[in-house]
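>>> Fold the following and give me the result.
(one chain, ligands or ions: 1)
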Amino acid sequence: MRIIEVETYEELSEVGAQIIIQKVRKEPNSVLGLATGSTPIGLYEKLVHDYEQNGTSYQHVTTFNLDEYVGLDEGHEQSYRTYMNDHLFDQIDIDKQQTHIPKGDAPDLVAEAQYYEERIQHADGIDLQILGIGRNGHIGFNEPGTPFSSRTHIVDLTPSTREANQKFFGNLDLVPTKAISMGIATIMASKEILLLISGPAKAEAYQRLIHGKMEEQFPASILQLHPRVTVVVEKS
Ligand code: F6R
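Numbers count the residues shown, from 1 in each chain. Below is the predicted model of the structure:
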């Protein structure tokens, strides 16, 4: 695991963005795995800024997001499709047909999960996956106890994850109870992983990631086995 410690969120965003930008410049047809939540917002701002200033093109890039809430249609203001459009896709030259996010309102969610997995395989896998981490060690929406062998699947969100996301919905009752998420094995199959860890609320999770044992009760611990992980972490 390569660990890059930074002083500020600004720096974390810049370091993370540069890793993506260099990848896309070197391999313009890269397949990127994307995350949502608070942590990567600054990184996406930096990508947009770089696109405007330096013209890095995403025309040939394909993307797969980690997850989506079950029950929200694409146009819902809290859907991850809306998040991605607002923070990134609408502001760069990416072909929206090449951006993939699981459909949280699919009539058959199990079939959707399988189809998502197939589309990732069809794209030859993910070259570089961006991750955030939950306070409980979740990656994607793979909560503690998720089998390391899991592929894209439907998950029940834990109370702590729903509470953490309450800020986006305004009211806990409005936060969905389920999500469709890449599995741990799906994430581990990415050729390279960039994990961003920001803020004091994640300090304990970071310590456990680095020093803790590998166990399904702490999903991110599996990353210790991946050969190409970069962790960018804000010093706390
Ligand atoms: C988001 C995702 C989640 C978040 C994690 C951290 O697509 O899959 O694992 O990365 O919940 O969220 P923030 O960044 O809001 O603290």
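
>>> contact partners of the lengthiest helix in the chain?
Ranked by residue count and defined by DSSP state H, the top helix of the chain is helix 9-26. The list of residues contacting helix 9-26 from outside it, by Cβ atoms under 8 Å, 6 or more residues apart in numbering, reads 4, 6, 30, 32, 40, 42-43, 45-47, 50, 56-58, 61, 127-128, 130, 192, 194, 196, 198-199, 230, 232-234. Any C-beta I mention is one placed from the backbone N, CA and C, and that applies to glycine too.

>>> Buried only: go through those for me.
Buried subset of those (neighbour count, 16 or more other Cβ atoms under 10 Å): 6, 30, 32, 40, 42-43, 45-47, 50, 56, 58, 61, 127-128, 130, 192, 194, 196, 198, 230, 232-234.

>>> hmm, back to that, filter the contacts of helix 9-26 down to the ones in helices?
Members of the contacts of helix 9-26 lying in helices (criterion: DSSP H): 42, 43, 45, 46, 47, 50.

>>> tell me the two of those residues that are most distant?
42 and 50 (12.7 Å; Cβ to Cβ).

>>> ok, now which ones touch the residue lying closest to residue 143 once chain neighbours are set aside?
What sits nearest to residue 143 in space, not counting adjacent residues and going by Cβ to Cβ, 6 or more residues apart in numbering, is residue 158, at 5.0 Å. Residues counted as contacts of residue 158 (Cβ under 8 Å, 6+ apart) are 136, 138, 143, 144.

>>> what's around the first one, how many residues?
What it means is residue 136. Neighbours of residue 136 under the rule other Cβ atoms under 10 Å: 18.

>>> close enough to count as contact, it and residue 143?
Yes - Residue 136 lies in contact with residue 143 (Cβ atoms under 8 Å); the separation is 6.9 Å.

>>> Centre-most residue in this structure?
When the chain is reduced to its mean C-alpha position, the nearest residue by Cα atoms, centre = their mean turns out to be residue 35, at 2.2 Å.

>>> For the protein, which residues are neighbours of the ligand?
Within the chain, the positions adjacent to the ligand are 35-39, 66-67, 132-134, 138-141 by Cβ under 6 Å from any ligand atom.

>>> Just the ones of those residues in strands?
The strands, defined by DSSP state E, take in residue 67 from the residues of the chain next to the ligand.

>>> what about burial for the residues of the chain next to the ligand, which qualify?
Buried members of the residues of the chain next to the ligand, counted by 16+ other Cβ under 10 Å: 35-37, 39, 66-67, 132-134, 138-141.

>>> Please convert those residues to JSON lines, extending it with pLDDT.
Listed next are those as JSON lines, based on pLDDT from 0 to 100:
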{"residue": "35", "pLDDT": "98"}
{"residue": "36", "pLDDT": "97"}
{"residue": "37", "pLDDT": "94"}
{"residue": "39", "pLDDT": "97"}
{"residue": "66", "pLDDT": "98"}
{"residue": "67", "pLDDT": "98"}
{"residue": "132", "pLDDT": "98"}
{"residue": "133", "pLDDT": "98"}
{"residue": "134", "pLDDT": "94"}
{"residue": "138", "pLDDT": "96"}
{"residue": "139", "pLDDT": "98"}
{"residue": "140", "pLDDT": "97"}
{"residue": "141", "pLDDT": "96"}
